[in-house]
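Asker: Return atomic coordinates for the entry below.
(chains A and B)
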There are 2 protein chains.
Amino acid sequence: MKYLIDDALVVTMDQNMEILRSCDVLIDNGIISAVGKLDAEQKQNASVINASGKLLMPGLINGHCHVPMTLMRNFADDMDLQTWLFNYIFPAEEKLTSEDIYWGALLGIMEMVATGTTCFIDMYDHMNDLVRAAEESGIRAQLSRGVTNFEDGSDFSEHKGLNEAIDFYRQWNGAANGRITGAFAPHAVYTCSTDFIKAVIKTAQKFDAPIHVHLDETRVEHEDCLAKHRKTPTRYLYDLGLFDRRTVAAHCVWITDEDISLLKDKNVTIAHNPTSNLKLASGVAPVPQALSKGVNVIIGTDGASSNNNLNMFEEIHLASLIHKGVNHDPLLVNAETALRMATTNGAAALGIKNLGIIEEGAKADLILVDMDKPHIMPVHNILSALAYSVQGSDVYMTMVDGRILFENGEFKTIDKEKVRYNIQKCYDRLFR
Amino acid sequence: MKYLIDDALVVTMDQNMEILRSCDVLIDNGIISAVGKLDAEQKQNASVINASGKLLMPGLINGHCHVPMTLMRNFADDMDLQTWLFNYIFPAEEKLTSEDIYWGALLGIMEMVATGTTCFIDMYDHMNDLVRAAEESGIRAQLSRGVTNFEDGSDFSEHKGLNEAIDFYRQWNGAANGRITGAFAPHAVYTCSTDFIKAVIKTAQKFDAPIHVHLDETRVEHEDCLAKHRKTPTRYLYDLGLFDRRTVAAHCVWITDEDISLLKDKNVTIAHNPTSNLKLASGVAPVPQALSKGVNVIIGTDGASSNNNLNMFEEIHLASLIHKGVNHDPLLVNAETALRMATTNGAAALGIKNLGIIEEGAKADLILVDMDKPHIMPVHNILSALAYSVQGSDVYMTMVDGRILFENGEFKTIDKEKVRYNIQKCYDRLFR
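Answerer: Below is the predicted model of the structure:
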């Protein structure tokens, strides 16, 4: 399929932050094939998308999510972490069936696609159902089966979770024209024994696969790790060699200055989840400090049960605000930085070179934002408007790999009515 | 005009937080005349608004704003307060004409109305142009001419600003069926001399008028006041008698525990502006501490040049998140508290008894929220959904004083095209 996006305001997100006005963008077979003023010959046979009054930018990359948990949106709020996890989330998760995972994931993907997310990095269970939703919807995703094991003293060759993770990686890594990639996901230092982490590292090495891990989310995790291992969670995993693989480390709320240096040393990406960290009262991650040392920081929503949205424009907004306020410095995390965290930095975290940017040869993961709204006028500064004023609901069109998934309020690959019906069915069975 | 809102999910915001399902609400001549299951006779001659799948709640009250500054949205971001104020905002404000104020205010009111705000508390200059926009649009507002004076030693009978404030109050307080009320607004302790504050208090006493003031927004304001008066800004204004009048004090970021007791003693309302305080790096106001001492706290957006939106659902969201995170306590500012701060507490701040609540005899300032959206499903908990998941863009209908101002994306009292055209004209003249 060949598309011409006609007369857009293009925020390229290239190294110079070039912004192109009244620009045409040609998409051919999933790739951006031309950017600029195009002649009639180039435009031939292309489906035209009129982008007057609209802004084209790379799609947003959600750096940390548990998308099936969308089923538990607004299910357990305003409670302490222990009550939330042990009295509500864990018991509910035990009851989840294949159907729940599939429909919950589709619901979350609908929200992401409608609010401009074209790719998400996820860790959960029941991966065959999750990946079915991702594959069918057309969204890009790096998916991993989260694994836990509390005891040492085994070679883990019979470990159910790890074997499922291996099977999943084998079957799905690189599937759907490369839209679906895999990773290995030792859940966290407090849910994985030392030997088990070593086994996961060995497995990831064998497949040359990346890592997705929760890291230093809460004060309890930090202090327990210090007490048990006499090391911070970061130092502990660093010494075990986990970070020798390409890694996305979610949260990093309690990391020290030395931890930041270790993460930088191994090119670990921090996935910053501002809403979730505030809502669960974990705290505020030292993102400005990490950025100033050159660490790659991306933005995630976390699951809808601790957010309660999967709306990356909301996270961009919050990531740009919170650090200024708590550090009393209005120059921290400016608009451009926040936007990079949600686009180019996400592509770097995934190791995909031609993603998160608008230029010839890049993957056509793109969104159109309708700028003709009272709450965006007047547009003094385009990057400020994107970071501080634009809402997820201003997304007009979402394209992944050159395929339109959402346009003018309509889902092109997901049956909204069917999702609504089945979510209600799952909800009634699980929670009524 | 008589309206029947048919089959709504009604969040009454009454003392018991009663929520009514499949409920009818009758509105007659600007007042809610019946709530519940109504018979055919009661429904006679009423225009029917079908509210199936929608949630009806009291309209949101924006507790602190400078609405004409919407013209300076995204104009000056990511800079320190001094540069922002002295190099950008003040020079721009000096150039503002009547036309700029009128169209800037209308643009801001459009955003507010479209995102569920039915009333706003504002302080600015050029009040005759601002009030024209408010009056024509049909929104409810408490408006005040902000006044400043740096020198003592005068009786201020010839003070231009104060005389304009008096004229404005005389002409407009109680106008438009009581929709427009007035207040007096000594700008802040750092922009008003002691004698001038005394003169404003005396004037407000004479008219039995309320007060709107900026209070303890920044560390500099706090420390300068301590150095100059040997008192915190709150103690200083308390001793001057300002708080003997019904007062809305905006910001209160740096108030002490003793200050909180003083504010409680005089029933002063704190207008909390979470986005603005973060963006300008002022800090995080001690809202949980104020709430626990029984102080009335409301939520405001501040002006669009320091936010950069006038979207109260965004502020509710942030007010519910930020205090949990920075105080490491997930039980702080729960969903109900955040919603009260944006509704009932706002009505209390204004001293209007039959506002901010859905019950017989209350003013018909109401909004309908469309709950049939992927990002709100499933609705486990209605209050959580409203505080954490609903977006300003989910507002389907906004009614003030029984008049529909916005419905299904259309503005009923404001010409959107005319506002867009004139905003561009103002922008080109002022900033190009």
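
Asker: how near is A:A40 to chain B?
Answerer: 32 Å (Cβ to the nearest Cβ, to the nearest Å). Every C-beta, even on glycine, is put in place using the N, C-alpha and C of the backbone.

Asker: wait, A:L38
Answerer: A:L38 sits 28 Å away from chain B when distances are taken as Cβ to the nearest Cβ.

Asker: Can you tell me the SS state at that residue?
Answerer: With DSSP: H, G, I helix; E, B strand; the rest coil as the basis, A:L38 sits in coil.

Asker: I'd like to know how many residues surround it.
Answerer: By other Cβ atoms under 10 Å in any protein chain shown, 17 other residues sit near A:L38.

Asker: before we move on, what about the one 4 residues further on?
Answerer: Using other Cβ under 10 Å, the number of residues around A:Q42 comes to 15.

Asker: Quick check: it touching A:L26?
Answerer: Yes - counting by Cβ atoms under 8 Å, A:L26 is a contact partner of A:Q42 at 6.1 Å.

Asker: what sits in contact with each of these two?
Answerer: A:A34 (Cβ atoms under 8 Å, 6 or more residues apart in numbering or on different chains).

Asker: show me where pLDDT drops low in the stretch 151-300 of chain A?
Answerer: Judged against pLDDT under 70, the stretch 151-300 of chain A has no low-scoring part.

Asker: who in the stretch 151-300 of chain A is up against chain B?
Answerer: Counting by Cβ under 8 Å from any Cβ of the partner chain, the stretch 151-300 of chain A comes close to chain B at A:R219, A:T275, A:N277, A:L278, A:K279, A:L280, A:A281, A:S282, A:G283, A:V284.

Asker: hang on, the third one is in a helix, isn't it?
Answerer: Yes - according to three-state DSSP, A:N277 belongs to a helix.

Asker: OK, contacts around the closest residue to it other than its chain neighbours?
Answerer: Leaving aside its sequence neighbours, A:N277 sits nearest to A:V253 (Cβ to Cβ, 6 or more residues apart in numbering or on different chains; 5.5 Å). Contact partners of A:V253, counting by Cβ under 8 Å, 6+ apart, are A:D216, A:E217, A:T218, A:N277, A:S282, A:G283, A:V284, A:A285.

Asker: still on that earlier bit, can I get the buried ones among the residues of the stretch 151-300 of chain A next to chain B as something I can paste into ChimeraX?
Answerer: Under the burial definition 16 or more other Cβ atoms under 10 Å in any protein chain shown, those of these that qualify are selected in ChimeraX by:
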select /A:275,277,278,279,280,281,282,283,284
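
Asker: quick revisit: and the residue nearest to A:N277, which of the three is it?
Answerer: Classification of A:V253 by three-state DSSP places it in coil.

Asker: State the helix or strand in which the residue lying closest to A:N408 once chain neighbours are set aside lies.
Answerer: Once flanking residues are discounted, A:N408 sits nearest to A:Y396: 6.2 Å by Cβ to Cβ, 6+ apart. A:Y396 belongs to strand A:395-400 when assigned by DSSP states H and E.

Asker: Please list all residues in contact with A:M72.
Answerer: Here A:M72 is in contact with A:Y88, A:I89, A:A92, A:G104, A:G303, A:A304, A:S305, B:H380 (Cβ under 8 Å, 6+ apart).

Asker: Check whether the third one really touches A:R73, as I assumed.
Answerer: No - using Cβ under 8 Å as the test, A:A92 is too far from A:R73 to be in contact (11.7 Å).

Asker: biggest separation within the contacts of A:M72, which pair?
Answerer: Taking Cβ to Cβ, the two most distant members of those are A:Y88 and A:G104; they sit 15.4 Å apart.

Asker: between the two, which one's more packed in?
Answerer: Neighbours were counted for A:Y88 and for A:G104 using other Cβ under 10 Å; A:G104 has more, 33 against 17.

Asker: Need phi/psi at the most centrally placed residue in chain A.
Answerer: Taking Cα atoms, centre = their mean, the centroid of chain A lies closest to A:N62, which sits 2.0 Å from it. As for A:N62, its main-chain torsions (degrees, to the nearest 10) stand at phi -80, psi 110.

Asker: swap in A:T117?
Answerer: Main-chain dihedrals, A:T117, degrees, to the nearest 10: phi -90, psi 130.
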